[in-house]
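Undergrad: What follows is a predicted structure for the sequence shown.
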Amino acid sequence: MAIQLPDLRQTADGWTVDDASPSLLVELLDELARCAADAGAPLDDVLQPGLSRQQVLDGLGELGLPAPDELVAWWGWHNGSRPDLIGGQGLALNSLEYAIATYPRDSLGTGEFSWNPAYVTVLGPGSYGVSVSTAANASPPAVRATESGQGTEPDRVDNQAISLCTVVTWWITARRNGWITWQNFGDYGSWVADIDHYPAEWRVTGLAHF
């Protein structure tokens, strides 16, 4: 049975949902997987098993970063897409290992102020991604739509949401409403977004379009 989604609301720091928490995030991720399976794109077939809390703490600790509880829940749910599959059924979720391996590139950015090194990228690879702040004072964490090593500069709140719960709520809503549909292309498939059907206020952030 489909779950009731939390209400979305705008704040000065970006979109958010009420009562965001790691447990809500796992519930929403399970609902996203259900939506994907109903569309013919089961995520469990293409995602790796999740990690323990200690594995996430140790992994981000290698970078000198703390591990927000939402990232522990994110990688505890699944550790990204299987490396032998392209795109992970259209959602190229990064493993913790991939996030660590690409962190030096991301932390350099393409300009002096383009990349905040507190961010790690959880969805990619490619030009467009989703990155999450590990700042110790951010709970729930800020989430940014990032492009080619840019998008985490402090004044870019137009592409920011608060909590991964917000982002996953967008993804579920888009699939339930048919704004994103699964299309098969022989041995390969992809989620295709019809941006024109999105609410106008959602179109300003790339976070809602995955």
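TA: Looks like it arrived, so ask away. Numbers count the residues shown, from 1 in each chain.

Undergrad: Need the CA coordinates for the longest helix anywhere in the chain. CSV is fine.
TA: Counting residues, the longest helix found in the chain (DSSP state H) is helix 22-38. C-alpha atoms of helix 22-38 as CSV (Å, rounded to 0.1, in the frame of the first residue of the first chain):
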residue,chain,number,x,y,z
PRO,A,22,16.6,9.1,8.9
SER,A,23,13.7,6.8,9.6
LEU,A,24,11.4,8.8,7.3
LEU,A,25,14.1,8.7,4.7
VAL,A,26,14.3,4.9,4.7
GLU,A,27,10.5,4.8,4.5
LEU,A,28,10.5,7.1,1.5
LEU,A,29,13.3,5.2,-0.2
ASP,A,30,11.3,2.0,0.2
GLU,A,31,8.3,3.7,-1.4
LEU,A,32,10.5,5.0,-4.2
ALA,A,33,11.6,1.4,-4.8
ARG,A,34,7.9,0.3,-4.8
CYS,A,35,7.1,3.0,-7.4
ALA,A,36,10.0,1.9,-9.6
ALA,A,37,9.0,-1.8,-9.4
ASP,A,38,5.4,-0.9,-10.3
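
Undergrad: Can you tell me which helices and strands it packs against?
TA: Applying 3 or more C-beta pairs under 8 Å, 6 or more residues apart in numbering; DSSP states H and E, one finds that helix 22-38 contacts helix 69-77, helix 164-176. Backbone N, C-alpha and C define where each C-beta goes, glycine included.

Undergrad: switch the cut-off to 10 Å
TA: Judged by 3 or more C-beta pairs under 10 Å, 6 or more residues apart in numbering; DSSP states H and E, helix 22-38 is in contact with helix 69-77, helix 164-176, strand 180-185.

Undergrad: Any idea how many residues pack against residue 102?
TA: 17 (other C-beta atoms under 10 Å).

Undergrad: Is it in a helix, a strand, or coil?
TA: Secondary structure for residue 102, judged by DSSP: H, G, I helix; E, B strand; the rest coil, is helix.

Undergrad: Just give the nearest non-adjacent residue to it, would you?
TA: Closest residue to residue 102 apart from its sequence neighbours, by C-beta to C-beta, 6 or more residues apart in numbering: residue 121 at 6.5 Å.

Undergrad: the strands in the chain, which residues?
TA: Shown for the chain, the strands assigned by DSSP state E span residues 8-11, 14-17, 47-49, 78-81, 119-123, 128-133, 142-147, 160-162, 180-185, 188-193.

Undergrad: Pull out the buried positions in the longest helix of the chain.
TA: 22, 24-29, 31-36 (16 or more other C-beta atoms under 10 Å).

Undergrad: As CSV, the helices and strands packed on helix 22-38 with distance to residue 104 and mean neighbour count would be great.
TA: Below are the helices and strands packed on helix 22-38 laid out as CSV (distance: least, C-beta to C-beta, whole Å; neighbours: other C-beta atoms under 10 Å):
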stretch, distance to residue 104, mean neighbour count
helix 69-77, 18, 23
helix 164-176, 23, 23
strand 180-185, 32, 14
